[in-house]
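K.L.:
fold the following for me, if possible:
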Amino acid sequence: MSNNAFRVSVKVQPNAGSNEVVGIVDGVWKFKIAAPPDKGKANKKLVEFLSDALGVRKDCVIILKGETKHTKVLAIESINQTEYTAVLSALCKK
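P.N.:
Okay, the predicted model is just below:
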C-alpha cells in the first residue's frame, strides 16, 4: 500500500441481483454485490466493481480488514477521497 492511499469502511451485501452502490448507511458506503460470500467470490467482485467504477487498477483497491465480514476496511490508491465520494455519489441508486 502506498502513502497516497486512503482508508475507507464499506458494508457489503453479497448475493444481490446486481452490483450497485446503495448509498451511505450508518456512516459507511453500502454496496450490493452479485456474488456469493463463499471462497472470497464477493470480495473479488467488490474489488472488480470498485476498480471499474473508480477507473483504477484492481490492485489499487485493497481489503485491509473484514475479508469474512459484511463490514470491511479498504485502502484505495490512485484517486483521492473526494474523487471516490463523487464517483460513488453519481452511481448511487436513489
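K.L.:
may I see the buried residues of stretch 4-22?
P.N.:
Judged by neighbour count using 16 or more other Cβ atoms under 10 Å, the buried positions of stretch 4-22 are Ala5, Val8, Val10, Lys11, Val12, Pro14, Ala16, Asn19, Glu20, Val21, Val22. Yep, even glycine has a C-beta here, placed from its N, CA and C like the rest.
K.L.:
show me where pLDDT drops low in this structure?
P.N.:
1-3, 93-94 (pLDDT under 70).
K.L.:
ok, which stretches of it are helices?
P.N.:
For the chain, the helices defined by DSSP state H cover 41-54, 81-91.
K.L.:
just name the most buried of those.
P.N.:
helix 41-54 (a mean of 18; mean count of other Cβ atoms under 10 Å).
K.L.:
so how far is that helix from its chain's centroid?
P.N.:
6 Å (Cα atoms, centre = their mean, to the nearest Å).
K.L.:
swap in stretch 16-29?
P.N.:
That offset, for stretch 16-29, works out to 9 Å (Cα atoms, centre = their mean).
K.L.:
give me the residues contacting it.
P.N.:
8-11, 13, 30-34, 45, 49, 53, 71, 88, 91-93 (Cβ atoms under 8 Å, 6 or more residues apart in numbering).
K.L.:
start and end of that stretch, how far apart?
P.N.:
16 Å (Cα to Cα, to the nearest Å).
K.L.:
also stretch 13-27?
P.N.:
End-to-end distance of stretch 13-27 (Cα to Cα): 16 Å.
K.L.:
how close does Val21 sit to Leu54?
P.N.:
Counting by Cβ to Cβ, to the nearest Å, the separation of Val21 from Leu54 is 11 Å.
K.L.:
how far does the longest strand anywhere in the chain sit from the chain's center?
P.N.:
Ranked by residue count and defined by DSSP state E, the top strand of the chain is strand 6-13. Taking Cα atoms, centre = their mean, one finds the center of strand 6-13 at 6 Å from the center of the full chain.
K.L.:
tell me the strands beside that strand, with direction?
P.N.:
Each strand paired with strand 6-13, and its direction, by DSSP bridges: strand 28-32 (parallel), strand 71-76 (antiparallel).
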